[in-house]
Structure formats: structure tokens, C-alpha cells
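Undergrad: Here's a sequence, model it:
(one chain, ligands or ions: 1)
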Amino acid sequence: MSFKDKLVAVTGAAGGIGQSLCRYFAEEGAAIAALDKSESVKTFAAELKATGARITPCVTDVSDKKQVASTFEKLGPVDILINNAGFSAHPTFAKTDPEGWDFDIDGNLNGAYYCAHAVIPGMKEKGCGSIIAIGSVNGLMGFGDPAYSASKAGLISLTKSLAMEYGRFNIRANIVLPGTVRTPLWDLKAGKDDTTFERLRKWYPLGRIVEPIDVARTVAFLASDAASAITGASLVVDCGLTAGNIVMTRELTIQDF
Ligand SMILES: NC(=O)c1ccc[n+]([C@@H]2O[C@H](COP(=O)([O-])OP(=O)(O)OC[C@H]3O[C@@H](n4cnc5c(N)ncnc54)[C@H](O)[C@@H]3O)[C@@H](O)[C@H]2O)c1
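TA: Residues are numbered from 1 along each chain as shown. So this is what the prediction gives:
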């Protein structure tokens, strides 16, 4: 899976999954444009550069359409766009006021649209391209965070629309739907409550949660020529979470598995 001579744009590049994506694609020979609204993307990029990676940090808030357009204009044509930036700021409907709803939809869904809109002309000109979104199992089922979940469901739809409309230009669009991923944010929660991972594990048929590298490998597969016939797909990377309800299954079958 070599990505030599490819320019890969990763949004949310300074975060847990974003860093793993940048490292993985850099190791596979790609040049990376690392977009993040946080200035910390500069420090991360400098660290990765020191290992020999070709990486350019771009401090960009993807929910700001002007910033997105200006960043991609400077970058020139990209081969692979990974819409990874995302967050959940409102855990319940009761705690989501209209401003909060807009904030979550802007960061998680509209930003992905702005980035796709910015890269498609260059991909059309090249006659190829791959756009991959990092969605969530929240886009499929109810797990709280209503605005976040609605935006992740929206990303599945956006992915299908892109696949339909741009397939004839050899531009593929796919989405990866992770379950709980062990990122620094979760490690922080676990630091405050050491039962966190143990309590989570019981919901996952594989008996573990997802690691950032699991997501990076799946994205790399979808971006590679090995997946040249795959477009419009939603691929769960969830250690079996959405295969069924394992906790209920244990109860129903009275089996200790
Ligand atoms: N960690 C999980 O359990 C999990 C599960 C399913 C899906 N995901 C998805 O994976 C993606 C990455 O999440 P993560 O766990 O690495 O989170 P993270 O908080 O570690 O990283 C997210 C990064 O996105 C950046 N970001 C947020 N809003 C932005 C904006 N408007 N413009 C530019 N950058 C922005 C943040 O600064 C941060 O660096 C997200 O889309 C998230 O929804 C995560």
C-alpha cells in the first residue's frame, strides 16, 4: 500500500486518530497536509518532520468556509482527503441549545462538505481521487450526543452522494464508522476512573475497544488501489459493537461468553 507521490490532507490532524493517520500515511510515503484548528498541529508536524516525514501543518478551522478555501488553494490539488475533524460538545438533547446544535453540525458535517467542495475540482482535473470520512457508529444507532450523531449520519449520506456524482471521474468516497477508539481523551477519562475501559469492554464482542491504528489501517485500505472498486461504502471498525447487542445476547442465551 504505497502512497508515494500522493498528497494526503488530514483534518483534525492534531488529535488522537488524526496523528495516527498522519504517521501511517507518512510511513507509506505520502506527503501530508495536516489541518487542525489547534495550533498544536504545528508542534506535532515538527515532531513528525524530524523523523523524515513530509508534512505541512495548516492551522484551519474546517467550520469556516473561507479558511478552508484559502488553505486548499495554497495546497494545490490533493489526492486523498480524510475528513477526520470531529468532536461532541453536547451529550444530550436537553443540553443542546440552538447555538450548540449549529456548532456541532458546523464542525462535524459542514466542515467535511467545505473540504470536499474545495478538493473536488483538483481531483476531477487529475482524473482520480479518494475522499474518506471518519464517521461513527453514532451515525447508525442511538448512543447519545444527538447533534454529533445527526452530523455523523449526515456524513454517511454525503459520502453516498459524492460516490454517485463523482464516480465517473474516478473519484471514490467512503466512510469509516469507528466504535470507541482509545485516544488520549479516553485515556484521560480512564485516568479519573480506572473502571472506564473495563465497563466499555463488555459491550464489544471482540472484548476490546478500537485502537487509532485500526482506523488508520482501514482508511489506508479504502484509499489504496486495493479498494479501487469500492465507493459509497460505510465500513464499521467497531470490534463488533453493531453486530448485535452482546450484553442482551448473553442474558438471552444465559451463556458466559
Ligand atoms: N475517539 C473515539 O472514540 C471516536 C469514535 C468514533 C468516531 N470518532 C471520530 O474520529 C474523529 C477523530 O476523533 P479523535 O478521537 O481523534 O478526537 P480528538 O479530540 O483527539 O481529535 C479531534 C481533532 O479535531 C480537531 N478539530 C475539532 N474541530 C475542528 C475544526 N472545526 N476544524 C479543524 N479541526 C478541528 C481538534 O482540534 C482535534 O485535534 C472524529 O471525527 C470523531 O468523531 C472518534
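Undergrad: going forward, measure contacts between C-alpha atoms and count neighbours the same way
TA: OK.
Undergrad: The ligand contacts on the stretch 51-200 of the chain?
TA: Contact residues (CA under 6 Å from any ligand atom) of the stretch 51-200 of the chain with the ligand: 60-63, 84-87, 107, 134-136, 178-181, 183.
Undergrad: just the buried members of the residues you listed?
TA: Using 16 or more other CA atoms under 10 Å as the burial test, these include 60-63, 84-86, 107, 134-136, 178-181 as buried.
Undergrad: Count the neighbours of Asp5 for me.
TA: Asp5 has 10 neighbouring residues, counting by other CA atoms under 10 Å.
Undergrad: if I look at it, how far off is Ala30?
TA: Noted for Asp5: a distance of 6 Å to Ala30, by CA to CA, to the nearest Å.
Undergrad: State the distance from Leu147 to Trp101.
TA: To be clear, residue 147 is Ala; Leu isn't right here. Ala147 sits 6 Å away from Trp101 when distances are taken as CA to CA.
Undergrad: Quickly list what's touching both of these two.
TA: Here Ala147 and Trp101 share the contacting residues His90, scored by CA atoms under 8 Å, 6 or more residues apart in numbering.
Undergrad: of these two, who's got more company?
TA: Taking neighbours as other CA under 10 Å, Ala147 and Trp101 compare with Ala147 leading, 24 against 19.
Undergrad: in a helix, that's where the more buried one is, yeah?
TA: Yes. If the criterion is DSSP: H, G, I helix; E, B strand; the rest coil, then Ala147 is within a helix.
Undergrad: my guess is it meets Asp104, correct?
TA: Yes. If you go by CA atoms under 8 Å, Ala147 and Asp104 touch, sitting 5.9 Å apart.
Undergrad: Identify the contacts common to these two.
TA: Going by CA under 8 Å, 6+ apart, residues that sit against Ala147 and also against Asp104 are 88, 90.
Undergrad: Helix, strand or coil: sort out the spatially closest residue to Cys58 that is not a sequence neighbour for me.
TA: Distances taken as CA to CA, 6 or more residues apart in numbering place Leu35 nearest to Cys58, at 4.7 Å, with adjacent residues excluded. Following three-state DSSP, Leu35 is assigned to strand.
Undergrad: Next one: Leu35, what pLDDT does it get?
TA: Leu35 is assigned a predicted lDDT (pLDDT) of 99.
Undergrad: give the contact list for it.
TA: The contact partners of Leu35, by CA under 8 Å, 6+ apart, come to 9-14, 41, 57-60.
Undergrad: which one among the buried ones among the residues of the stretch 51-200 of the chain next to the ligand gets closest to Ser224?
TA: Nearest to Ser224 among these is Ile134, at 16.1 Å by CA to CA.
Undergrad: Give me the contact list for stretch 249-257.
TA: With CA under 8 Å, 6+ apart as the contact definition, stretch 249-257 has no outside contacts at all.
Undergrad: Tell me the helix or strand right after the one helix or strand in the chain whose mean pLDDT sits lowest.
TA: Lowest on mean pLDDT, DSSP states H and E among the helices and strands of the chain sits helix 184-192, with a mean of 90. Sequence-wise, the next helix or strand downstream of helix 184-192 (DSSP states H and E) is helix 196-201.
Undergrad: For that next one, which helices and strands make contact with it?
TA: If you count contacts as 3 or more CA pairs under 8 Å, 6 or more residues apart in numbering; DSSP states H and E, helix 196-201 packs onto helix 184-192.
Undergrad: and the helix or strand containing Ala112, what does it pack onto?
TA: Ala112 is part of helix 111-126 when elements are defined by DSSP H and E. Contacts defined by 3+ CA pairs under 8 Å, 6+ apart place helix 111-126 against helix 65-75, strand 80-83, strand 129-134.
Undergrad: residues of that helix that come out buried?
TA: Buried, per 16+ other CA under 10 Å, within helix 111-126: 111-116, 118-120, 122-124.
Undergrad: hmm, who's touching that helix?
TA: So helix 111-126 is contacted by 62-65, 68-69, 72-73, 76-79, 81, 83, 129, 131, 133, 155, 158, 169, 171 (CA under 8 Å, 6+ apart).
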